[in-house]
Structure formats: C-alpha cells, structure tokens
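Visitor: Predicted structure and sequence below. I'll ask about it afterward.
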Amino acid sequence: MLFNIEINDQEVSARRGETILAVLNRHGIKVPTLCNMTGMTPTGSCRMCMVEVDGMQGLVPACSQPVEEWMKIKTHSARVIQARRTLLELLLANHPDDCLYCAKNGNCELQDLAEELNISGRKYHQKRRPVQIDKMCPSIERDPAKCILCGRCIRTCDTLIGVSAIDIIGRGGNSMIGTSYNKGLNYQGCVKCGQCIMVCPTGALSEHSSIEKVMEVLHNPDMMAVIQFSATTPGSIAEEFGLKPGKDSLNLLRAALRMAGFKYILDTSFGADISIMESAAVIVDRLKKKENLPVFTSSCPSWVHYIRESRPAYLKNLLPVRSPQQIMGTLIRDYIIPAHNRPPETIFSVAVMPCTAKKAEAEQEEMIHEKYRSVDAVLTFRELVRLIRMMGINLTDLEPDPTDTIHGIRSSAGQLIGVTGGELEGTLRTVYQMMTSQELQPAKINDLRGLKETKEVRIKVGKEFINGIAVSGLARAIKLLDEMEAGKTPRYDIIEVMACPFGCVNGGGQKFYPDEKAMKARVKAIYDVDEEEMIKVAHKNPNVGLVYEKLLGNPGSARARELIHTSHVSDKAL
Amino acid sequence: MASETSQTTRTFLIDKVLKNFSGLPDKEVSEKVTVLRRHRISKPVIYIGTGTCGSIAGARETLKAAEAYLQEKKIEAEIIEVGCIGLCSMEPILDIQLPGKTRLSFQKVTSDKVDGILNATFNNSPPPEDVIGQYRIPGSEPWANLPHLDDLPWFSYQSRHVLSHCGVTSPHSIADYIVDGGFKAFYKTVLNYTSDKVCEIMTQSELRGRGGGGFLAGKKWQIALTTGSDQKYLICNADESDPGTYTDRMVIEGDPFRLIEGISIAAYAIGASNAYIYLRDEYRQPIRILENALQQAKDYGFLGENVFGSGFNLTISLCISGGAFVCGEETALIESLQAKRGQPWAKPPFPAERGLFGKPTVVNNVKTLANVPAIIINGPSWFRSTGSRSCPGTKIFSVGGKTKLRGIIEVPMGIRLSDVIYKIAGGLVDDLPVKAVHLGGPLGYCIPTDKLDTEIGYKTLNEIGASMGSGGLIVLDESVCMVDLAKYFTAYLQKESCGKCIPCREGTKRMLEILEGITKRPMEESDHETLERFKGVVQLENLAEVIRDTSLCGLGQNASNPVLSTLRYFREEYEEHIFDRYCRAGVCRELRTYLIDVDKCTGCNLCQKKCPTNAIIGVPRNPHFIVAEKCTGCGICFDVCKFSSIYYK
C-alpha cells in the first residue's frame, strides 16, 4: 500500500512495512550507516542513521523503524547532525590514527564518514585498550583495535556462513569481537572464507597479505615467478579498471602480469579441467558401485575445511580431488616446469584467487609434494590490484598480450567453476560423456544457471537419473546436511557446495563490499565465455589429453591419485 | 501416614476452600480453616524470617538456637520459616504465637538473644524493648501494653496487597496460601473468563508495568492475544539487579505462590502454554523457594495438562541466567533465554508481536504479575480505588540509605516522597537533613529536597524530570557527594553496558572518564589536563543528551540520568569540584586538603614515614607540616595518625 509521508518538508511516497531507510534510499536521500546490511534484519547498533521524527521521543534509527502515515521526518536537522558527529567522535576517540598504513586505506567506510561529517580534530581523548592483533590464521588477520563493533562480520559469519566463529565477548567498554576461548581464528570454527573481510567497514579485518613475499621473489633474479589466475579474475579486473569484460581484459591481464615479472602466466581453469576429469571418474565409479553417495564436491576449501573440522562423518562423501589451484600448482612443478629443466627451489608459484581460504589451503601439510609446496603464495584479487598499482603498471594503456603460453587452452567447463552451479554443470557434462560415450546436448544446463541459493538438476543418463544440487552459502549447505539427516530431502547423487554466497564471483578475496550489480556483471562475464568458447567440455580440451598422455595415464590411475588426489582427514580442534 | 494426611488436606483445600465461592462456608469448614490459618492453635508457634536479608542478619543461627531451646526445655512447638516482612533493618525477626494469645514480633533476635526472649515470652512477660508489635488475630487475646503492628507508622501508611503474605505466612507451603484465599483467582479465571475477558479486566484496572516501563499490562496482553501464532510465551522478568533494590526477591521469597498464580492467569490470558521465570544465579534462595513452590503447584494440579479440567495446559520453567544488568531489558532477556548473547534488539518488532523464538511473547515484571490475582478476585474498580486517580494501585519500594528504618514497603500511588521518608521510614538517622533522594536505581534520578512533596506516580514524577524505575529509593544526606554518586552509577552502567550500540558503550565510558577527571587530583597539574577537565564538563551535558537521544535500549537511553539529574539540581557541586577543586562532602579523597593540628601533633614521625610523596616535613618530637604542593591527597597520614592531629577540609 502506498501512502505519502513528509521528509525534510517534502512529500514522498512510502510503502507499508518499509523501513525509513528504504524510503530514504529510494528517494536519493543519503543517511550514513555503519551496520546496515542489505537483505538482513537490521540490528540498529551503530546509531548513525538516526533521524528526527515529529512526535517521537529521542531520535529514531531509520534502519529499523517502519514508516507510518503520520510521520514527518528530518534527516539532516542540527540535532541529528550533532548526534551523528558526536557518535562518530566517540568512535574515533580510541581508533588508531594509522590510516596511511591501514589495509583499508581508501576503502574505509569509517574514513569516508569522518570526511563526510567534516570531523576536523580529535575531540575526545580516550585511553586505548591494549589489544593483540590476531595473526594466527594464514588467511585472515584481525585487529580488534580498529574494530567499531558494528557486528556485520558476526552476522555474516552466523547467517550466511553458519559457523559463528566470532562473536562479541566482554561487557561495556571491554566488549570486543573474539573467537572461541579467545584463542585466535585458526583455533576453531572459522572456515577462512573471508566474507567477514568483505563487509568490515574498517581495517579490523583483512587478508593475511602475501604481497611482500611475492615482490621479493619478483625482484630476485635467481628466482622464477610463475602465476596462475582464477576464472573470475579477468572479469574482476575489467570491473576494477573500467574495461569491458571479455577477451580484451584477459589479454590485458596477461600483459600486466608479464610486465610485473612473471615468467609463466597460467589459467587455473586448466586445473579445473583436470579436476573435472578426475572428479567425473570418481563419480562414475561411485554411481556404479552405489557407495559414498551423495558425492560432495571438493573445490571450495572452506567447505572442505568445514567437513573436516565439524562434520567428519561426511569425509567419505567428499571427492578425494584437490582444488583446481592445487592441481595447477602440482602441474606447474611436476609437468610444466620440469619440461623446461629448472631446479625446483628456484621456482616460486603464485596463485591469484578471489578467495582467502585458498591461502590456508596452500599451507596445508598434505599439499607439500617432494619437499615443495604446490603453491607458494596466494594473492587475493585485491592484492593483485595493489601489486599491479605498486609496479606502476597502467593497465588500460598496455598492449593486450594475446600470445598464449602453454596450457592456455582451457574448456569453458573449467571456467564455470567461478559461479555457483558451474562446477556441477561442468562435471555433469563429462560424467554424461563417460557414462554414455555421448555428449550432453545441449551442453548448457539451464537449471544450474542464475544467482540462487540452491539449484537442483535432474539428468537422464541411460535409464537412470542423476540428481544433483548446487548450494551456495555455507549456512544453506549446513541446513541441507541437517535436512538430509532428518530425511527431509530427496535423494541426491552429487552436491556442489560453495561456501561464499553465489560462489567465487562473490568470494572473500574479491573487491570489498559485495555489490549485487557488480556481481551480476562478473557472472555474465563467465557465462559469456561459455557461450563463445569452442571447447565446452573438459574431456575435449587437447591439452588435457596431453597431460594424461604424458603424465597421468588415465583418469583415476595410480599416478593421478598420487598427484591430483588428496586424502581428507578429520581436523577436530576441540 | 504423613502423605495420607496431606492427601486429605489437599482434597479438603481444593474441594472445600478453593472451589467454594458461595461465601457461606459451613461451620465445619470454617472451623478447620481457622485451625489451618493458625488462628486457633493448640501448641506454640514460632515464626522466623529466613529470607535472604534475615539470613544475612543471622536468622539461620536464630533458628538453630530456637530449636535447641525447645528441645532442651522439652516444649512442643511448631517452627515456621517465613519470608521478610519488609523491616530489613530489624532483622532477624522472630515471632511467637502462644495458644489463645496474638502473634508477637521481636526485632534483632540474634542467636544469643533467643533464649532470653523465648523464656520471658513463655512466662508471659515478653521484654517490651525487643518487641516490634503484635498482630491482630480474631478470637485471640491481645498482649497488654504492647503496640499493634498496623498501628506502627511503618505499616500504617502502607497498603500491603502484594506483600500481604510476606513475612506472615510460610512461602514453603501451598496449603497456607490456599487457605488464605490463594489460587481462587486462577480457578475463577480458568472457569469463568475467556482470554479476551481477562485482558479486558486488566486493561480496565489500568495496572501498569511495575518494572519501570509503565506500559499498560492489559494492553500488552491484548496485543499478544490478538497476534496469531501456534505458540505464545509468557516470561516473568525476575532478573532484578539494580544495586540497592530487592523488591522482586522479597516477593518471591515471601509469597512465591502469588507470583505463580499471577503467571498462570497471565499465561491463560494470552493463550500461552509455556511460561518462564527468568532470574539470576545469585538469587539462590529465591530459586530454591520457587522450585519447591512450582513442584507443589504441580502436585496440586494447578500446573500441567488440562488444569481444572478446562483443557488449559501450562508449564512454568525457571531460567537461571548468568546475571547481566542489561538482561532486565525485555529483548535482551529474550535473546538470553534463547541461549544467545544478552543484547537488546531494535524495537519494533515488539516482543508481544514477535518475541521468544519469533513467537508472541509477553514479558512482565514479578511485581506486575503478583498484582494480578487480587485484581481478578476483587475486580478492576477495587484496584483503581487504591492510589491516585491518574495512577491506581500500589508501588513497592526498597527504602535504603540514611533513613532510620530501611526495608521494603508497599505504598499507595500518590503518596508524597516526604511522607515515605519522614512518616514511614522515620526520618534520617540522628535527624539529619535530607540532601536528595535517589529514585529508580542506576538509571534513576536524584530528586532535591524542594521536590520531595511530589506525589509518586508515573506522570507526576515525569513532570519533575524523574521516573519511578523499578523501585529503588535511596535517601541521601549531606555526607554524600553528588559528583561521586553520578560517577558510581556511571561506572556501574559502563561495566554493565552490553556493548552493542555506540552511544552507550563509548559514551558512558567517556562520561566516566570526565567524572574521574574532575574528582581526582592529577600528580602534576599541567595546562593540558586542566584544559581537558574544563572541556570535559562542557562536553558532559552534550554527551549525556546524545546518549539519551540515540541509544538503542532503555539502559542506554537512561544511562545519562544520574549525570543529567545531578547536573540539573547540584550544578554548584560540579563547579566546586572543577574550579575550586573542593568536595564539600569530603568524599572525593583526592580533593581534600590535609592539615596538621600543631596542638595535637606529638611529632611521632609516623605520618612522615608513611607519606608516599614525602610531602610531610618536621623534626621528631616537634609538630609536623604538610607541603600542599607535594600532597596528592591520598589520606594515608590521616589514617595512620594515632593522635587525630591530622584533619582535612
């Protein structure tokens, strides 16, 4: 129902049930907020969006107050601005001043707000509490001193990811965000997805940076730096530098990386192709034997981490296949580089990922093969952008580098892995071929497209059906497991899980602050590749055939199991 | 054998007493009721107040001493543990009722006095100096020359409805409650009224929430009743935690069945089959008493499935919390009940629409619910006849501070604050003048002497910028520093803030730092610190207003009340602290100027040795001096001087 209310002496239309904030946003009136998150129940903890409503005592939080017909609202009266400024000054009273050295410098909502409200000096001086930076985790760093306790990370961790690894501890001025037993993020619960970093309005949460390590190698003439980039990287690069997604941005990315000093530039999608081949082989085998079903995909390290730590009963369901990043890392060390004869200790393998969990994955013990790590350093997409800027590379002015390196050829199936449902789609194409010796027609599976939490698919293979479901957002996946245990779900053969909502396009290593429009563009970029690409299935990629011929033998062979597979073990912390 | 007797008593109580509404009991029944009410007794009865306040004063030892006395003298008598009658400053209280005589109350009966008092009373000559007063019991002969309790000013100005059983009858026996008319209201409700009708009666009675919010209870129930849902909940908020307030504890310890009856009626009114009593782990004794009372109510069939054959089901469970001040706020309480961190949420949604586990939930204070049974029995107009027109009913206060008598009182709304202080509580110790009254706990207000004629009521108190709160009433004299008081409460609130919203978490901390700054003496008075102090006070008011305007819950919105109200009425004290560096009450130790009385000083050298800043000079056996610039005002010299030669101003 529509009705009119008065905002700043102007009549505007409002709908019943809407919050004041929603009305304001629709009419282009900006009130600041530090804790509001689209799509989630407002908590009203930051009090920045306070507005004055005639007839109501005190000020009213726009984010949680529904509009009513009689309301006359002032959004920027002297009283409101005074209150907002005081609140911000209180926050800044013990906030560290080191904006210049902060991971969020330039991307900080608190910084922007201070500028917006014209804060020109420190009005309140408050004693700073001694807090320790939590550097335990190889993926995420927490600096409680910079935390303003807006609670966005807590809600993300609780409602989207479902692990509640962090919450507020302590009372009053001593309250802070802490982990279980205050033992640091690495101790228990956290799946390292990095979604908390994405929403943090300050520099309290950031990735454990590997830039310095990579820079050192790039400047060391004795070392050879190799880089692989994930399927979502070209799209994100286009977005970051204002380019059109597609071939051009991919080639510009290649040019930039080459300029930065990387000798080999590889596409992780090729690793994904191998991963599909191996996964498909295992799935076909399990389907035949009807054991360890449903099969859980294993490319998302956060999901794997969750199963290993919290649901070890499902370890047998996980595919024993490494993630594309690790497969690519292995191939670099054992196949691509040895062919060029280089001592292994001089090779430094870097991966660019939209993910923070991959940093932890790369450091796992079982990822060390013959003394060397498959991947030496993982950069998030944000770190890559910083690296490009640090190296003084003006990406838009570069000559695109179309020259492809070895294994540049990848199928679009491997590309799809960046979006929820994509891995399942790519794998099903190959599974179908392996089971029927025919190609799936059409290759595109519409049921698995689009940005939805869950997507179900049913494909007829021979006389039987394969039931699959793709879930994104770990919380939803946890719910699915619980429903499965309660017997409330149909039978699934394959379950694809991406811990981040909507998959890697919205991964914890992407640009700060999830933005639906940008996310849709990233997804489209990936789907477009699948439309244009000639090779749509992993098993038709000639380079995949080459790798099997020269290195692995057959999918599922002993050599493949040694290099491409991994064993999942329980990691119970408590 | 014992269970058989209790079985017959139970049948008698339920069939003949509870279900009897004719008002004309037959002779046999009324005979038996007189005996059960102990209006006619065959052997002496000794009552001992073993509530928390009594136990702290030594009632447990008194109880043991009384038992030992009876055993030694081979006297057959009944000992009954009761709650507290409200005269907490006179605990331990022991009552004796001899057959044919009225019940007699004695004050401060510590274990060593038991033998003497019992001996004298059994010999019909109770020591009058120990007597508080005697009860009126129909058909019993009163003691000569001893006052009646209801003639004492402490009781005569009160209207004890909710507290009528507290300290009088046993909280451990449901039979004592039923025989006094208990559970009749619940029976009447379940049998005669629809849920709608109960809400209507409550709305008509104009009973407001006694926890401090002051929302109409009937209206709240109505909202929960009309909100459609498969499950609804009733929560009794017993999470009392204001320093110096213990009214809920007293109601629970003195009359738990009244609370259970109130909860049952409220649950029936909103259509809830599950009710919770939320209280803190520190309330050990109330928890024990409630557990026992709930069990008895279950045994009598007042709780459980199909109560009184009406099809109404009710389970009441205790929820023992970790004890956080903020969990008295209803939404934080609900979060805590759901095993989450006790943090309030932004209203709307109101709990009556969406509360515990997302279902309609009514949260009412102990005192609100304890008011309910009497309203059902006597009707809303009876309730409205007590108290003032704009604000009917009674209000329970815990009176503390410097008054002669301290404890829990139940007064009609509309009574003047001055009457409470001078008539009921007997004025101040040594008849000192009142400086201010602090009303409503840490979130409350300081009311100066010229406002003491204000009538107690939601509206009248609002007019002078105060509010009733949950019932803490602390009377202060000149020895209290108002800045220190504001500092104390601000420190408490800062410590108990949940940390969710910025104004409460950061703002109270900043206010506390400012208050600390003006009540302490810095080691070196640099320009910067002085400036900060001056700036601080200017900021104090602005800060307090922003905190009030922008905080999320009642705790934050009222957190600045102590500061704002003291600033409003005692501004000159703040100014003295800031500009003159002087505390007139002498409470802020660091602002004292210490001096040595040369006539008294013997030159013993002790103060000089103990002074941490070497501010005292002098040669042995000659009077010493304090160098003002070096003195930090720590007061060690004052404490150690054996000749009282050090004084301060």
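Guide: That came through, no problem. Residues are numbered from 1 along each chain as shown, chains lettered A, B, ... in the order given.
Visitor: Tell me the buried residues in stretch B:470-479?
Guide: Using 16 or more other CB atoms under 10 Å in any protein chain shown as the test for burial, stretch B:470-479 gives B:Ser470, B:Gly471, B:Gly472, B:Leu473, B:Ile474, B:Val475, B:Leu476, B:Asp477. (C-beta placed from N, C-alpha, C; glycine too.)
Visitor: Can you name the residue of chain B nearest chain A?
Guide: B:Gly499 (2.8 Å; CB to the nearest CB).
Visitor: Report the two of the buried residues of stretch B:470-479 separated the most.
Guide: Greatest spacing in the buried residues of stretch B:470-479, by CB to CB: B:Ser470 and B:Asp477 (23.5 Å).
Visitor: Find the nearest non-adjacent residue to A:Gly17, please.
Guide: In this structure, A:Gly17 finds its nearest non-sequential neighbour in A:Pro66, 6.2 Å apart by CB to CB, 6 or more residues apart in numbering or on different chains.
Visitor: actually B:Thr403, not the one I typed
Guide: B:Ala425 (3.8 Å).
Visitor: okay, now the closest residue to chain B within the stretch 101-250 of chain A: neighbour count?
Guide: Scanning the stretch 101-250 of chain A for proximity to chain B using CB to the nearest CB identifies A:Ser175 as nearest, at 2.8 Å. Using other CB atoms under 10 Å in any protein chain shown, A:Ser175 is surrounded by 19 other residues.
Visitor: List the residues that contact it.
Guide: A:Leu149, A:Ile168, A:Ile169, B:Ser497, B:Cys498, B:Gly499, B:Arg505 (CB atoms under 8 Å, 6 or more residues apart in numbering or on different chains).
Visitor: In a markdown table, list those along with secondary structure, pLDDT and distance to B:Lys188.
Guide: A markdown table is the format used below for those (DSSP: H, G, I helix; E, B strand; the rest coil; pLDDT from 0 to 100; distance: CB to CB, whole Å):
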| residue | secondary structure | pLDDT | distance to B:Lys188 |
| --- | --- | --- | --- |
| A:Leu149 | coil | 94 | 51 |
| A:Ile168 | strand | 92 | 47 |
| A:Ile169 | strand | 90 | 49 |
| B:Ser497 | coil | 93 | 44 |
| B:Cys498 | coil | 92 | 41 |
| B:Gly499 | coil | 91 | 46 |
| B:Arg505 | helix | 93 | 48 |
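Visitor: from these, which is closest to B:Ala559?
Guide: Taking CB to CB as the measure, B:Ala559 lies nearest B:Ser497 of the contacts of A:Ser175, at 7.4 Å.
Visitor: dump the residue contacts of B:Phe312.
Guide: Neighbouring residues of B:Phe312 by CB under 8 Å, 6+ apart: B:Val190, B:Tyr268, B:Ser273, B:Asn306.
Visitor: mind running it again at 10 Å?
Guide: B:Phe186, B:Thr189, B:Val190, B:Ser195, B:Ser264, B:Ala267, B:Tyr268, B:Gly271, B:Ser273, B:Glu305, B:Asn306 (CB atoms under 10 Å, 6 or more residues apart in numbering or on different chains).
Visitor: Could you do B:Ser398 as well?
Guide: Contacts of B:Ser398 (CB under 10 Å, 6+ apart): B:86, B:88, B:240, B:242, B:244-250, B:406-409, B:441, B:470-474.
Visitor: Of the residues you listed, which are in range of chain A?
Guide: By CB under 10 Å from any CB of the partner chain, no member of these lies near chain A.
Visitor: Identify each buried residue in the longest helix seen in chain B, please.
Guide: When chain B is parsed with DSSP state H, its longest helix is helix B:527-550. Neighbour-count burial for helix B:527-550, counted by 16+ other CB under 10 Å, picks out B:532-533, B:536-537, B:539-540, B:543-550.
Visitor: Also stretch B:193-208?
Guide: Within stretch B:193-208, the residues scored as buried using 16+ other CB under 10 Å are B:Tyr193, B:Ser195, B:Val198, B:Cys199, B:Glu200, B:Ile201, B:Met202, B:Thr203, B:Ser205, B:Glu206, B:Leu207, B:Arg208.
Visitor: Could you point out the helix or strand that follows the helix or strand harbouring A:Val80?
Guide: Element membership of A:Val80, judged by DSSP states H and E, is helix A:78-92. Where DSSP H and E defines the elements, the next helix or strand beyond helix A:78-92 is helix A:109-116.
Visitor: What lies in contact with the helix or strand following that following helix?
Guide: Moving toward the C-terminus from helix A:109-116, the next helix or strand (DSSP H and E) is strand A:140-142. With contact meaning CB under 10 Å, 6+ apart, strand A:140-142 is reached by A:103, A:131-136, A:153, A:165-166, A:176-179, A:184-186, A:190, A:192-194, A:196-197, A:200, A:203-209, A:356-357, A:359-360, A:508.
Visitor: Other residues contacting the helix or strand just after strand A:140-142?
Guide: The helix or strand immediately downstream of strand A:140-142 is helix A:152-155, counting by DSSP H and E. The contact list for helix A:152-155 (CB under 10 Å, 6+ apart) reads A:34-37, A:40-41, A:43, A:45-46, A:109, A:140, A:142, A:147, A:164-168, A:177, A:195-201, A:204-205, B:341.
Visitor: So which bits of the longest strand seen in chain B are buried?
Guide: In chain B, with assignment by DSSP state E, the single longest strand is strand B:312-321. Neighbour-count burial for strand B:312-321 flags B:Phe312, B:Leu314, B:Ile316, B:Cys319, B:Ser321 (criterion: 16+ other CB under 10 Å).
Visitor: same question, stretch A:482-496
Guide: Residues A:Met484, A:Thr489, A:Tyr492, A:Asp493, A:Ile494, A:Ile495, A:Glu496 are the ones in stretch A:482-496 that count as buried (16+ other CB under 10 Å).
Visitor: ok, so what distance separates the fifth one from A:Leu448?
Guide: A:Ile494 sits 11 Å away from A:Leu448 when distances are taken as CB to CB, to the nearest Å.
Visitor: joint contacts of those two?
Guide: Residues touching both A:Ile494 and A:Leu448 (CB under 10 Å, 6+ apart) are A:Glu423, A:Leu424, A:Leu428, A:Val457, A:Gly468, A:Ile469, A:Ala470.
Visitor: So the fourth one belongs to a strand, correct?
Guide: This means A:Val457. Yes: using DSSP: H, G, I helix; E, B strand; the rest coil, the assignment for A:Val457 is a strand.
Visitor: burial count for it?
Guide: By the criterion of other CB under 10 Å, A:Val457 has 21 neighbours.
Visitor: I figured it hits A:Pro490, correct?
Guide: No: using CB atoms under 10 Å, A:Val457 makes no contact with A:Pro490, being 12.0 Å away.
Visitor: of the buried residues of stretch B:193-208, list those near chain A.
Guide: Okay, of those, nothing touches chain A (CB under 10 Å from any CB).
Visitor: Tell me which helix or strand in chain B has the weakest average pLDDT.
Guide: Across the helices and strands of chain B, mean confidence by mean pLDDT, DSSP states H and E is lowest for helix B:2-12: a mean of 78.
Visitor: before we move on, the earlier item: let me know how buried the residue nearest to B:Thr403 is, in neighbour terms.
Guide: 26.
Visitor: got it, and A:Gly242?
Guide: That count, for A:Gly242 with other CB under 10 Å as the rule, works out to 8.
Visitor: Retrieve the pLDDT associated with B:Lys232.
Guide: B:Lys232 carries a pLDDT score of 96 in this model.
Visitor: And for it, nearest residue in space, chain neighbours not counted?
Guide: Nearest one to B:Lys232, counting by CB to CB, 6+ apart, is B:Ala272 at 4.2 Å.
Visitor: what helix or strand is that neighbour on?
Guide: Using DSSP H and E, no helix or strand contains B:Ala272.
Visitor: Now do the contacts for it.
Guide: Shown in contact with B:Ala272 (CB under 10 Å, 6+ apart): B:195, B:221, B:224-225, B:229, B:231-235, B:263, B:266, B:313-315, B:356, B:359-362.
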